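Asks: model the structure of this input:
(one chain, ligands or ions: 2)
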Amino acid sequence: MAILSVSEISRHFGGLIAVDRVSFDVEDGEILAIIGPNGAGKTTIFNLISGFLPPAEGRIMFKGERVNGRPPHHLARKGIVRTFQNARLFKNMTVLENCMVGMHLHNKSGLAAISLRLSPVVAEEASFIKKACQILDRLGLYVRIHEKAGDIPFGEQRLLELARAEASGPDLLLLDEPAAGLNLLETQQLARQIKRIRQSGITIIIIEHDMRMIMSLADRVVVISSGQKIAEGPPFAVQNDPAVIDAYLGVA
Ligand SMILES: Nc1ncnc2c1ncn2[C@@H]1O[C@H](COP(=O)(O)OP(=O)(O)OP(=O)(O)O)[C@@H](O)[C@H]1O
Ligand SMILES: [Mg+2]
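Replies: Numbering: from 1, shown residues only. Ligands and ions are numbered 1, 2, ... in the order given. As a prediction, this is how the structure comes out:
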């Protein structure tokens, strides 16, 4: 069953058509890659799906419900969580605090209870800390929990973004170029973690330029060029598609 179904979504910026009637489905439990040249419209598609931009037209269905135009925090609570192309960590906060930021989406205690620090709040906070530590441990970041996020190496900062997204309990995780700036070893480590997250039952859409990573990770690939979907299919078929090769060589 499709967890996400995107139909004919479009978005213009002034005279520029950034996304032009794009449609695709994402099946429950799969890893779908979105690829395409720079400026093709990939991040804009993420902005539309995650509510950071309302689509000009089209329909976005998530778990059978139309979610067009809902704000990001509402969609995050429903289970759509994203990471950003450029790291958006709170650099002066600790690794643990950064990881816990997304968990407060699911805070059950009311504001009054939180400010009074009633015992259920303290218990909930303790369970959040425990869960965050488990997630950070799986990502190899446990030794860093008390360090400032801005002080840890870049590769670990990218893993921390993944930890934070995982901690907010998504059903659908959108990763925007998570391997950008990573070396080969770090990229392989990241790919292993993404596979593990999928095995835990989370559906993933990943925007990525690293073809080797896509080949090893994605079940299916959607190719975007100049705002339009130009190909869709298994990674090896898409890689050899003449329209895709043309788009990358700039002769399409
Ligand atoms: N908020 C915005 N206002 C105006 N133009 C925008 C905005 N966001 C994106 N664009 C333009 O829309 C087009 C698609 O941009 P987008 O960031 O979606 O591409 P992309 O495929 O993610 O590229 P990259 O691989 O470089 O990240 C580009 O021409 C970009 O300049
Ligand atoms: Mg982008």
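Asks: so the closest residue to K63 other than its chain neighbours: helix, strand or coil?
Replies: Nearest non-adjacent residue to K63, counting by CB to CB, 6 or more residues apart in numbering: I3, 6.2 Å away. Quick note: C-beta positions are derived from backbone N, CA and C, even for glycine. Under DSSP: H, G, I helix; E, B strand; the rest coil, I3 falls in the strand class.
Asks: how many neighbours does I3 have?
Replies: 20 (other CB atoms under 10 Å).
Asks: against G64, how distant is it?
Replies: Between I3 and G64 the distance is 9 Å, computed by CB to CB, to the nearest Å.
Asks: equivalent analysis for T203, please.
Replies: Taking CB to CB as the measure, T203 falls 14 Å from G64.
Asks: same thing with K42?
Replies: Separation of K42 from G64 (CB to CB): 25 Å.
Asks: where does the chain have low pLDDT?
Replies: Across the chain, the ranges flagged by pLDDT under 70 are 105-122, 250-252.
Asks: residues from it in reach of ligand 2?
Replies: Neighbours of ligand 2 within the chain, by CB under 5 Å from the ion: K42, T43, Q85.
Asks: drop anything exposed from those residues.
Replies: Buried members of the residues of the chain next to ligand 2, scored by 16 or more other CB atoms under 10 Å, are K42, T43.
Asks: all strands for the stretch 151-252 of the chain, in order.
Replies: Secondary structure of the stretch 151-252 of the chain, counting by DSSP state E, counting those that start in this stretch: strands at 172-176, 203-207, 220-225, 228-233.
Asks: mean neighbour count and distance to I80 added to these, as CSV?
Replies: Listed next are the strands of the stretch 151-252 of the chain as CSV, based on neighbours: other CB atoms under 10 Å; distance: least, CB to CB, whole Å:
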stretch, mean neighbour count, distance to I80
strand 172-176, 24, 5
strand 203-207, 23, 10
strand 220-225, 23, 17
strand 228-233, 17, 20
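Asks: can you say which of these is nearest to G29?
Replies: With CB to CB as the criterion, G29 lies closest to strand 203-207 of those, at 5.8 Å.
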